[in-house]
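Peer 1: Need coordinates for the following:
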Amino acid sequence: MKILLALDTCATADQTVATVQRLFAPDMASVVALSVVGSNELDVAPSPVLLASVAQNIAVLEADHVRTHEECVARAVRTLRAAGYHTSGDVRHGEPRDVIPVAAREHQADLVVVGVHRRTSIRRLISRSLASHVTEHAHCDVLVVRHDG
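Peer 2: Numbers count the residues shown, from 1 in each chain. Here you go, the predicted structure:
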C-alpha cells in the first residue's frame, strides 16, 4: 500500500506519523510525506511604499516558512525510515486543498492520511473544509486523523 501522508505543522505531523505507524506495519506500506507551502495572499494589497520597505523582510519570512515545511518533511521521513518504512518526501507550493489530491494521483497513492486540528470558529471550518475537499477530490481513500489542541 502506498500512503500519501499530508503534513501540517511539525507538532501535528508527529502525531500523524505515529498514527500511520500504529495502523500500518512497515512491510505493508510505503509512505510519501507531503507538506504544502500555502500561498499566504493578503486580503488587501499593501501600498508600494510599504512593500518596498519590507520586501527584504518578507523574502526572509517566506524562505523561513519554506524551510519549516522542508524540515517537517525531513523529520517525518527520518522517523519513518528509522522504523523500517520505505519513505520519501515532497514539498510543494499552492493551496493544500488543491495540491494534496493532485499529489496523491501523481504518487499513485492508495491512501491519503491528513490530520485536522480541534480548533475554534473559523479555524475549525477551514480544517474541516480541507479534509472535506481532499476527501471529495482524491482518487483514493482518505483517512482523517483528528488532533487535540
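
Peer 1: Let me know the average pLDDT across whichever strand or helix holds residue 72.
Peer 2: Residue 72 belongs to helix 48-82 when assigned by DSSP states H and E. Averaging pLDDT along helix 48-82 yields 79.

Peer 1: Identify all contacting residues around the helix or strand that it is followed by.
Peer 2: For helix 48-82, the following helix or strand on the C-terminal side (DSSP H and E) is strand 86-93. Strand 86-93 is contacted by residues 26, 30-37, 39, 66, 69-70, 73-74, 76-77, 80-81, 99, 103, 107 when judged by C-beta atoms under 8 Å, 6 or more residues apart in numbering. Every C-beta, even on glycine, is put in place using the N, C-alpha and C of the backbone.

Peer 1: now with 6 Å?
Peer 2: With C-beta atoms under 6 Å, 6 or more residues apart in numbering as the test, strand 86-93 has contacts from 30-37, 69-70, 73, 77, 80-81, 99.

Peer 1: Tell me the buried residues within those.
Peer 2: Neighbour counting by 16 or more other C-beta atoms under 10 Å classes 30-37, 69, 73, 77, 80, 99 among these as buried.

Peer 1: For the most centrally placed residue in the chain, list each beta-bridge partner.
Peer 2: Nearest residue to the geometric centre of the chain (C-alpha atoms, centre = their mean): residue 7, 3.0 Å. Beta bridges link residue 7 to residue 35, judged by DSSP bridges.
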